[in-house]
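*Asks:* have a look at this prediction, sequence included:
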Amino acid sequence: MINDPCHVLLIEDKLENIQLLQDLLSQSQHSSLAQGLTFPITCVTTLQESLASLDAHKFDVILLDLDLPDSQGVATLIKLREKVANLPIIVEMDGQSEGAVVESFQLGADGYLQLKTLDSNLLIHEIRLAIERQKYRAKINQQQQEIRQEQEFSDLDSLIKSSRETSVTARLFGAYPLQESLPDVFDELVENYGKLLDLALEQRIFKVDYNLSEQLRTLGEKLGFLKASPRDAIEIHTKVLKQKSQDVPTAKAQAYVVEGRLMILELMGYLASFYRKYYIGLSNINLSARKDYR
């Protein structure tokens with residue numbers, strides 16, 4: 001597309017390098033490699049300024065000097081990559097060894113520049129190559145997340161299918177799963193658990209407190225009163241995860257999976273606690289009955 005902008009964030013404190021890169025990018029309209037792209041550039045001179053700029057604006061690529069007034073060496077790249085996981089970063093490597101180049105790639109760089117031999121065509125080539133590398137990396141990460149998510153669901157389904165009720169648990173929990181014996185109640189529990197999972201995700205992202213532990217405790221006690229088994233809890237958890245994973249980005253679906261692991265463990269703990277109290281209550285009743293009988 002003609003004049004389609006590729007927004008560049010230049011993090012550099014040396015005036016001569018800033019001028020060089022600005023001049024080379026301004027010549028992009030004469031390069032066939034640009035393919036209609038333009039390269040508007042925003043320059044900051046410190047790592048702290050770059051983090052603030054990334055919060056305020058959207059960029060397509062970062063050109064990074066590793067040695068800044070407030071951060072030096074590969075630590076600069078590490079801090080920046082922690083801030084932006086999916087944005088291409090090209091580092092300036094003048095005077096650096098081949099080992100430093102390899103290390104930068106290992107720590108998340110998508111390209112490097114030798115300023116002494118740089119021209120407009122080479123700079124544009126490196127920018128486009130870095131963007132394609134990042135797209136490929138994002139695609140691979142998404143595929144891996146999808147595979148992990150499918151494995152999570154498969155493991156949960158296998159756990160449900162492999163669970164068998166013993167004579168003791170059959171007397172305690174009832175003969176049939178909640179999903180079969182009380183489908184309306186099961187759907188209500190699924191809805192409630194789904195709301196709690198949404199709150200858990202918000203709590204993690206926005207650092208708020210929804211007192212989820214108390215709400216999970218209440219849900220666990222409700223399951224206990226219904227004589228639910230651990231399998232019922234897992235079936236509720238699995239159904240909610242499958243619902244939440246539909247028509248959402250893979251990263252969000254994976255976030256649900258991660259938060260869900262913590263939630264189901266906590267819920268199962270409350271369910272187990274309920275039954276411990278239940279058994280203690282039964283024992284006390286039996287002891288009292290024996291004393292009265294005597």
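*Replies:* Structure's in. What do you need? Numbers count the residues shown, from 1 in each chain.

*Asks:* quick check: residue 84 touching residue 54?
*Replies:* Yes - Residue 84 lies in contact with residue 54 (C-beta atoms under 8 Å); the separation is 6.0 Å. C-beta: built from backbone N, CA, C; applies to glycine.

*Asks:* can you tell me the helix or strand for residue 123?
*Replies:* Counting by DSSP states H and E, the element that carries residue 123 is helix 120-162.

*Asks:* same question, residue 99
*Replies:* Using DSSP H and E, residue 99 maps to helix 98-106.

*Asks:* that helix packs against which elements?
*Replies:* Applying 3 or more C-beta pairs under 8 Å, 6 or more residues apart in numbering; DSSP states H and E, we find helix 98-106 packed against helix 74-83, strand 111-113.

*Asks:* now residue 63. Nearest residue, chain neighbours left out?
*Replies:* Leaving aside its chain neighbours, residue 63 sits nearest to residue 10 (4.7 Å; criterion: C-beta to C-beta, 6 or more residues apart in numbering).

*Asks:* same deal with residue 41?
*Replies:* Leaving aside its sequence neighbours, residue 41 sits nearest to residue 8 (C-beta to C-beta, 6+ apart; 4.5 Å).

*Asks:* residue contacts, residue 208?
*Replies:* Residue 208 is in contact with residue 202, counting by C-beta atoms under 8 Å, 6 or more residues apart in numbering.

*Asks:* which SS class is it?
*Replies:* Classification of residue 208 by DSSP: H, G, I helix; E, B strand; the rest coil places it in coil.

*Asks:* confidence score at it?
*Replies:* Listed pLDDT for residue 208 reads 87.

*Asks:* this protein: strands as residue ranges?
*Replies:* Taking DSSP state E as the criterion, the chain carries its strands at 4-5, 8-11, 37-38, 41-44, 61-65, 89-92, 111-113.

*Asks:* how about CSV for those strands, with mean pLDDT and distance to residue 237 added?
*Replies:* Putting those into CSV (pLDDT from 0 to 100; distance: least, C-beta to C-beta, whole Å) gives the following:
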stretch, mean pLDDT, distance to residue 237
strand 4-5, 86, 45
strand 8-11, 96, 42
strand 37-38, 88, 47
strand 41-44, 96, 45
strand 61-65, 95, 40
strand 89-92, 94, 38
strand 111-113, 90, 43
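
*Asks:* in contact with the residue nearest to residue 41, which residues?
*Replies:* By C-beta under 8 Å, 6+ apart, the contact list for residue 8 reads 25, 39-42, 59-63, 127.

*Asks:* again, but for residue 186
*Replies:* Contacts for residue 186 were tallied using C-beta under 8 Å, 6+ apart; they are 178-179, 232, 235-236.

*Asks:* show me those that map onto helices.
*Replies:* 178-179, 232, 235-236 (DSSP state H).

*Asks:* show me the shaky parts of the stretch 101-250 of the chain.
*Replies:* 159-175 (pLDDT under 70).
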